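Visitor: would you be able to build a 3D model of this:
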Amino acid sequence: MVLLFRNVSHNNIELFGGNLPLQFVQALVSLDLCNNSINRVLPVGTAPRLSVINLSHNQITQIEDSAFANLVSLEKLDLAHNLLSS
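Guide: All right, here's what the predicted structure looks like:
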């Protein structure tokens with residue numbers, strides 16, 4: 001089974017990033033992580049087709065440098081309603 005869209009909202013996830021399992025990300029196009037407890041975003045491994053990430057309504061205070069550098073197809077990143085400051 002190939003996952004194109006994955007909704008893992010409302011799961012109390014606290015951290016996002018690192019290397020996702022290869023079989024999970026090869027065809028993944030959209031990832032919804034809204035309404036979790038994510039406070040930090042680490043560099044994400046390669047996900048060649050991932051174009052949409054929703055990280056809204058979390059508690060993100062820190063995004064590591066080049067966190068999304070390997071996501072060459074990323075077009076939309078929603079970070080609304082977090083604790084980020086400029």
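Visitor: so where do the strands sit in this protein?
Guide: Ranges of strands in the chain, per DSSP state E, are 5-7, 15-18, 30-32, 40-44, 52-54, 62-63, 76-78.
Visitor: those strands: which one's closest to Leu84?
Guide: Closest to Leu84 of the strands of the chain, according to CB to CB: strand 62-63, at 7.4 Å. For every residue, glycine as well, the C-beta is placed using N, CA and C.
Visitor: low-confidence ranges, this structure, go.
Guide: 1-3, 19-24 (pLDDT under 70).
Visitor: let's see it at 80
Guide: 1-3, 18-25, 86 (pLDDT under 80).
Visitor: quick check, central residue of it?
Guide: Centroid check for the chain by CA atoms, centre = their mean gives Ile53 as the closest residue, at 5.0 Å.
Visitor: residues in contact with that residue?
Guide: Shown in contact with Ile53 (CB atoms under 8 Å, 6 or more residues apart in numbering): 30-31, 33, 68, 71, 74, 76-78.
Visitor: could I have the buried ones of these as ChimeraX selection syntax?
Guide: Listed next is the ChimeraX selection for buried residues among those, using 16 or more other CB atoms under 10 Å:
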select :30,31,33,68,71,74
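Visitor: now the contacts of Ile53 in a markdown table, with distance to Glu14?
Guide: Shown next, in a markdown table, are the contacts of Ile53 (distance: CB to CB, whole Å):
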| residue | distance to Glu14 |
| --- | --- |
| Ser30 | 21 |
| Leu31 | 16 |
| Leu33 | 11 |
| Phe68 | 19 |
| Leu71 | 21 |
| Leu74 | 22 |
| Lys76 | 23 |
| Leu77 | 19 |
| Asp78 | 18 |
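Visitor: start to end distance for stretch 67-79?
Guide: 13 Å (CA to CA, to the nearest Å).
Visitor: many thanks, I have nothing further to ask.
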